[in-house]
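Novice: okay, predicted coordinates and the sequence, questions at the end:
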Amino acid sequence: MTSPSRLPEPYGHDGGANLADILERVLDKGVVIAGDIRINLLDIELLTVKLRLIVASVDKAKEMGIDWWEDDPALSSRARRSELARENAELRERLAELETGRPQEEAS
Amino acid sequence: MTGLRYVYAVCRPFGAALQTQLTGVVGAPPKLLHHRGLVAVVSAVPERDFAEEPLRAHLEDLEWLTVTARAHHGVIDALMTVTTPLPLRLATVFRDDSGVRMMLEAREGDFRRTLDRLQGRVEWGVKVYLESAPGETPGGTAESEPTAGKAVSGRDYLRQRSMRAREQEDRWRKAEEFATRLHETLAAHADESRLHTPQDSALSGTSGRNVLNAAYLVSRAESEEFVEIVDRTKDDAPGMRVELTGPWAAYSFAGEKP
């Protein structure tokens, strides 16, 4: 058992704790454990939550120099993933076109 | 209890009782689930809110998120008065108690190591703000021109602009130097430190520009001294504001050492 010694009085977060400080900690810090209910906070929600909290539009945020979510590996990797998925789909389509096209070309 | 299991934190067994009126998310009282010398602090949450689909939808709802985040933090904060909790991220949910036990077993080594590292320590948050200069908009750029009275020539206008830009740059440089020095001092008085992304003022609702957002892991015994050091620096830098928050549970140090 632990017996906490006396601590200085709380600073800045008694009662009306700054919501930004709390959200920062409970959403961004703390141990990440994959529970049975699989929700990856970093995957989608957090981006929208963060953006909603700051400003309405991403462009406006960038204009103001708020671009920190781009440093967030999870967020930017998601951006990378969706970009890859899009490219992948395009390539498949292109490949299918080429494959269906080839026999005709060979025949001609 | 029925429903899903929401896990707040993992701790070592502790003797003191939790506050009897303590409630967690959705108002349920947190319970202690002992397993192999570790304790998971859990409460029952309904499937209709915490199954994957509804949870996903809820997380998009800022009001729900706010209430849930405060409740989660409330439990962590209460645990801090009786032990050294290892906080889990918001919305860590299992089907039942046995799922929680399996998780405790799977991560046992990590938990023990981290709990040892955090034992008897708390987190202090320190932020430094660069206060807005006179005539500067809260957004950060100087836009308000001295339009009162006579019109200024193009040359004068440009000269004023570049002068302001230089002043601004100078203030930034000074703020950065101050923040770096302060961080070095505080890190030397802490067991560990983490630099977080500065908060945007629109998010935090505070004035000025956040140039340092750091967290320090400090033993309870040395916390008073740490707070005094922060207090002393407050008057050191004109135009700058130093803000201290805490003591927090060691949220920022819950992961493995970087």
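Specialist: Perfect, I can see it now. Numbering: from 1, shown residues only, chains lettered A, B, ... in the order given.

Novice: give me every residue in the stretch 101-250 of chain B lying close to chain A.
Specialist: B:103, B:107, B:114, B:119-120, B:122, B:124-125, B:139-140, B:196-200, B:202-206, B:220-221, B:223-224, B:227, B:243-248 (Cβ under 8 Å from any Cβ of the partner chain). Every C-beta, even on glycine, is put in place using the N, C-alpha and C of the backbone.

Novice: quick one: low-confidence ranges for chain B?
Specialist: B:1, B:133-150, B:202-205, B:256-258 (pLDDT under 70).

Novice: quick one: the strands in it?
Specialist: Ranges of strands in chain B, per DSSP state E, are B:4-11, B:31-35, B:38-45, B:86-87, B:93-94, B:121-130, B:192-195, B:209-219, B:240-248.

Novice: now the second one - C-alpha only, CSV.
Specialist: Taking Å, rounded to 0.1, in the frame of the first residue of the first chain, the C-alpha atoms of strand B:31-35 are listed here in CSV:
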residue,chain,number,x,y,z
LYS,B,31,-15.1,-1.1,-8.6
LEU,B,32,-11.8,-2.8,-7.9
LEU,B,33,-10.9,-5.9,-9.8
HIS,B,34,-8.0,-7.7,-8.2
HIS,B,35,-5.9,-10.1,-10.3
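
Novice: residue B:80 is in contact with residue B:122, isn't it?
Specialist: Yes - with contact defined as Cβ atoms under 8 Å, residue B:80 and residue B:122 form a contacting pair (7.2 Å).

Novice: find residues that contact each of these two.
Specialist: Common neighbours of residue B:80 and residue B:122, counting by Cβ atoms under 8 Å, 6 or more residues apart in numbering or on different chains, are B:247, B:248, B:249.

Novice: next, count neighbours for the nearest residue to residue A:26 once chain neighbours are set aside.
Specialist: Once flanking residues are discounted, residue A:26 sits nearest to residue B:90: 4.4 Å by Cβ to Cβ, 6 or more residues apart in numbering or on different chains. Using other Cβ atoms under 10 Å in any protein chain shown, residue B:90 has 26 neighbouring residues.

Novice: next: residue B:198.
Specialist: Neighbourhood size, residue B:198 [other Cβ under 10 Å]: 19.

Novice: hang on, it packs against residue B:212?
Specialist: Yes - taking Cβ under 8 Å as the definition, residue B:198 is a contact partner of residue B:212 at 7.1 Å.

Novice: what touches both of the two?
Specialist: Common neighbours of residue B:198 and residue B:212 (Cβ under 8 Å, 6+ apart) are residue B:127.

Novice: so between residue B:80 and residue B:122, which is more surrounded?
Specialist: residue B:122 (24 against 21).

Novice: from memory that one sits against residue B:251, does it?
Specialist: No - counting by Cβ under 8 Å, residue B:122 does not reach residue B:251; the two are 10.3 Å apart.

Novice: okay, and the helix or strand of chain A with the least pLDDT?
Specialist: Lowest mean confidence among the helices and strands of chain A (mean pLDDT, DSSP states H and E): helix A:58-63, at a mean of 46.

Novice: distance of residue B:109 from residue B:38?
Specialist: 11 Å (Cβ to Cβ, to the nearest Å).

Novice: out of those two, which sits in the more crowded spot?
Specialist: Taking neighbours as other Cβ under 10 Å, residue B:109 and residue B:38 compare with residue B:38 leading, 20 against 9.

Novice: I'd say that one and residue B:103 touch.
Specialist: No - using Cβ under 8 Å, residue B:38 makes no contact with residue B:103, being 10.2 Å away.

Novice: and the helix ranked longest in chain B, which residues are buried?
Specialist: Across chain B, the longest stretch assigned as helix under DSSP state H is helix B:154-188. Neighbour-count burial for helix B:154-188, counted by 16 or more other Cβ atoms under 10 Å in any protein chain shown, picks out B:164, B:171, B:175, B:178, B:179, B:182, B:183, B:186.

Novice: any idea how far the first one is from residue B:170?
Specialist: Distance of residue B:164 to residue B:170, given as Cβ to Cβ: 11 Å.

Novice: before we move on, what about the fourth one?
Specialist: Residue B:178 sits at a distance of 13 Å from residue B:170 (criterion: Cβ to Cβ).

Novice: just residue B:130 next, same as before
Specialist: Taken as Cβ to Cβ, the span from residue B:130 to residue B:170 is 12 Å.

Novice: residue B:176 too?
Specialist: In terms of Cβ to Cβ, residue B:176 sits 11 Å off from residue B:170.

Novice: same check, this time on residue A:89
Specialist: Note on residue A:89: its distance to residue B:170, by Cβ to Cβ, is 51 Å.
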